[in-house]
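Enquirer: okay, predicted coordinates and the sequence, questions at the end:
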Amino acid sequence: MKMLLDGQWVDSDDKIKVLDPYDNSVVDTIPSATAADVETALAAATRGFEITKRMTVYERAQILSKAAGIIADRLEEFAVVIAREASKTINEARKETSRCINTLTCSAEEAKRILGETIPFDSFPGGEMRRGYYYRFPIGVVLAITPFNDPLNLVAHKLGPAIAAGNSVILKPATVTPLSAIKLVEALVEAGLPPEAIQLITGIGSVIGDPLVSDERVRMVSFTGGVEAGKHIASVAGIKKIGMELGSNSPVIVWQDADLDLAVESCVSGSFWAAGQNCIGVQRLLIHRDIYDEFKKRFVARTKQYKIGDKLKEDTDMGPMITETEAERVERWVNEAVEKGATLLTGGKREGALYEPTVLENVPPEATIHHEEVFGPTVNLYPIDELDKAIKEANSLPYGLLAAIFTNNVEVAFKAAYDLDCGGVMINDSTDYRLDSMPFGGVKYSGLGREGLKFSLQEMTEPKVICFNLPGI
Ligand code: NAP
């Protein structure tokens, strides 16, 4: 597949192979962008903004709705591309495609709700003759950098609101999963987006990242990815807006009165969705001691039922990790935890990029898998006795994206909701629940700012004040 630069679909002799992580077959190739391509993208995006900022709300909303319709008509085609290039099973990929359609549809709707307000200039002496308001104007060129784990919908989360706001965009998708993103851009162009409005550049982030991120023509960097890349991007961005959706190490509390069937089913799915490569995937399960043994028994039994393997088979529950190297890293972290005293309850075996759904207990705090983001199909169980201590434990790491609690006690739920330090608390759901239009983001190293269409639109626009001095009135 090709890059879209300055209105042209362009290829290059220097190509990067996109591999299916299940069998390492080549799905397609993408060009590896050069420094000249970076300059072309920056110059074209700057010109593109002159077009997009003059497009009416109606035009922007129409394009986004039409693109959503194009993807809905080809849902299976999009799902297969996700299921080939990424880790997701075909069923997980279908769900992501449906969510992408919703993301674009909500972006179109939110385009019509970018509102301003009148300002009471006469609320301070000297302002009597002044009348005015503010409206929100597009920020300019948005650089969108996206990760591999939701290769379609997380791209839509940047392109949808950026287009809705009237910005031009430079998109740099993850190198291991660029194909769904390219198909999304094709759909937007087919829907009528002027090709100058979007630059799609492919290449290695650590090579083409700095000249894009640091360029003053870029007015906002909207990044989703790991903390390390996030820190680097923040250090080179200079004076421009930065949105960061980073990683986590999500805690879920299972209180003694929880509905165990619900909690087990929800937490197993939340731990192993997309082979655990999910920023809101369950990593730490803090279970009340009174129900610990029963929960553990049911949780391990349900995990053992998981069928792993070929992503394109309808009955596969979990696919491979994104690369064998990543599966080896998870294997290392599990082995290190076991060497330091953890007990392996199930899983722990690897075959290529396939890593078994794995459950650990007695994980010591010094084990990497306790305190870092594992981003793989493993989960740790811990017994807890008191709510305050469970909340303290949940808050003890430098992440805070989503947290969750299972309980039927409204006071316990409220206490957890207010005291858990994070961007959102799910009650009677695992952390792996997100509605695409809700405000989504984290505290501490989990991020800066919020996504979720209406909220992304706030981040991707600026208020501009208009004040009339009318001494004659
Ligand atoms: P990553 O390695 O940080 O890469 C993310 C993107 O950043 C890729 O496009 C990558 O390009 C690019 N990149 C890497 N280094 C860069 C640099 N120096 N300058 C500019 N761009 C650079 O993350 P990942 O492994 O793809 O994704 C997993 C991480 O994303 C996890 O930590 C996960 O929690 C997080 N995540 C967060 C959310 C959220 O909403 N909070 C959602 C999903 C994922 P290349 O692919 O070319 O390296």
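Expert: Arrived safely, thanks for sending.

Enquirer: now do the same contact list for the closest residue to I82 other than its chain neighbours.
Expert: Leaving aside its sequence neighbours, I82 sits nearest to A93 (CB to CB, 6 or more residues apart in numbering; 3.8 Å). For every residue, glycine as well, the C-beta is placed using N, CA and C. Contacts for A93 were tallied using CB atoms under 8 Å, 6 or more residues apart in numbering; they are 78-80, 82-83, 86, 311.

Enquirer: ok, those vs the ligand, which is closest?
Expert: For the contacts of A93, the residue nearest the ligand by CB to the nearest ligand atom is A86; the value is 10.5 Å.

Enquirer: re the thing from before, now the residue nearest to I82: phi and psi?
Expert: Backbone torsions of A93, given as degrees, to the nearest 10, read phi -70, psi -40.

Enquirer: distance to the ligand, neighbour count and pLDDT added to the contacts of A93, as JSON lines?
Expert: As requested, these are exported to JSON lines (distance: CB to the nearest ligand atom, whole Å; neighbours: other CB atoms under 10 Å; pLDDT from 0 to 100):
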{"residue": "F78", "distance to the ligand": "18", "neighbour count": "26", "pLDDT": "98"}
{"residue": "A79", "distance to the ligand": "19", "neighbour count": "24", "pLDDT": "98"}
{"residue": "V80", "distance to the ligand": "21", "neighbour count": "17", "pLDDT": "98"}
{"residue": "I82", "distance to the ligand": "14", "neighbour count": "28", "pLDDT": "98"}
{"residue": "A83", "distance to the ligand": "18", "neighbour count": "26", "pLDDT": "98"}
{"residue": "A86", "distance to the ligand": "10", "neighbour count": "32", "pLDDT": "98"}
{"residue": "K311", "distance to the ligand": "18", "neighbour count": "26", "pLDDT": "98"}
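
Enquirer: which of those fall in helices?
Expert: 78-80, 82-83 (DSSP state H).

Enquirer: if I look at the residue nearest in space to the middle of the chain, how far off is I208?
Expert: Here the mean C-alpha position of the chain is nearest to the C-alpha of L154 (CA atoms, centre = their mean), at a distance of 5.0 Å. Here L154 is placed at a distance of 19 Å from I208 (CB to CB, to the nearest Å).

Enquirer: and the residue nearest to the centre of the chain, helix, strand or coil?
Expert: helix (DSSP: H, G, I helix; E, B strand; the rest coil).

Enquirer: check contacts around it.
Expert: 146-147, 224, 245.

Enquirer: care to break the chain down by domain?
Expert: Following automatic domain parsing, the chain resolves into domains at 3-246+446-466, 250-435.

Enquirer: can you name the element that comes right after the one helix or strand I163 maps to?
Expert: Under the criterion of DSSP states H and E, I163 resides in helix 153-165. Using DSSP H and E, the helix or strand that follows helix 153-165 in sequence is strand 168-172.

Enquirer: ok now that next one, how far from the chain's centre?
Expert: 16 Å (CA atoms, centre = their mean, to the nearest Å).

Enquirer: would you mind pulling the contact partners of the strand or helix carrying V18?
Expert: According to DSSP H and E, V18 maps onto strand 15-19. Outside strand 15-19, the residues that touch it by CB under 8 Å, 6+ apart are 25-32, 85, 175-179, 202-204.

Enquirer: can you select the buried ones from the residues you listed in ChimeraX?
Expert: Remark: buried members of those, expressed as a ChimeraX selection using 16 or more other CB atoms under 10 Å:
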select :27,28,29,30,31,32,85,175,176,177,178,179,202,203
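
Enquirer: if we can go back for a sec, so the helix holding I163 versus strand 168-172, what angle?
Expert: Helix 153-165 and strand 168-172 meet at an angle of 170 degrees, taking axes from the mean of the first three to the mean of the last three CA atoms, to 10 degrees as the criterion.

Enquirer: alpha carbons of helix 153-165, in CSV - could you do that?
Expert: Output of helix 153-165 as CSV, limited to C-alpha atoms (Å, rounded to 0.1, in the frame of the first residue of the first chain):
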residue,chain,number,x,y,z
ASN,A,153,-10.4,2.8,15.8
LEU,A,154,-7.6,4.7,17.5
VAL,A,155,-6.8,6.3,14.2
ALA,A,156,-10.4,7.3,13.8
HIS,A,157,-10.3,8.8,17.3
LYS,A,158,-7.7,11.3,15.9
LEU,A,159,-8.9,11.8,12.3
GLY,A,160,-12.6,12.1,13.1
PRO,A,161,-12.4,15.0,15.5
ALA,A,162,-9.5,16.7,13.6
ILE,A,163,-11.6,16.8,10.5
ALA,A,164,-14.7,17.7,12.4
ALA,A,165,-12.8,20.7,13.8
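
Enquirer: list the buried residues of it.
Expert: 153-165.

Enquirer: distance to the ligand and pLDDT for those - can I get that in JSON lines?
Expert: Below are the buried residues of helix 153-165 laid out as JSON lines (distance: CB to the nearest ligand atom, whole Å; pLDDT from 0 to 100):
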{"residue": "N153", "distance to the ligand": "10", "pLDDT": "98"}
{"residue": "L154", "distance to the ligand": "6", "pLDDT": "98"}
{"residue": "V155", "distance to the ligand": "10", "pLDDT": "98"}
{"residue": "A156", "distance to the ligand": "13", "pLDDT": "98"}
{"residue": "H157", "distance to the ligand": "8", "pLDDT": "98"}
{"residue": "K158", "distance to the ligand": "11", "pLDDT": "98"}
{"residue": "L159", "distance to the ligand": "14", "pLDDT": "98"}
{"residue": "G160", "distance to the ligand": "14", "pLDDT": "98"}
{"residue": "P161", "distance to the ligand": "14", "pLDDT": "98"}
{"residue": "A162", "distance to the ligand": "16", "pLDDT": "98"}
{"residue": "I163", "distance to the ligand": "19", "pLDDT": "98"}
{"residue": "A164", "distance to the ligand": "19", "pLDDT": "98"}
{"residue": "A165", "distance to the ligand": "19", "pLDDT": "98"}
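
Enquirer: make TSV out of the residues you listed and add distance to I71.
Expert: Converted to TSV, the buried residues of helix 153-165 look like this (distance: CB to CB, whole Å):
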residue	distance to I71
N153	11
L154	15
V155	12
A156	9
H157	14
K158	16
L159	12
G160	12
P161	17
A162	17
I163	14
A164	16
A165	20
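
Enquirer: show me which pair in those residues is furthest apart.
Expert: Distance extremes for the buried residues of helix 153-165: the farthest pair is N153 and A165 at 18.6 Å, using CB to CB.

Enquirer: what about the strand holding V18, near the ligand?
Expert: No - Strand 15-19 is not in contact with the ligand by CB under 6 Å from any ligand atom; minimum separation 8.8 Å.

Enquirer: which SSE is immediately downstream of that strand?
Expert: strand 26-31.
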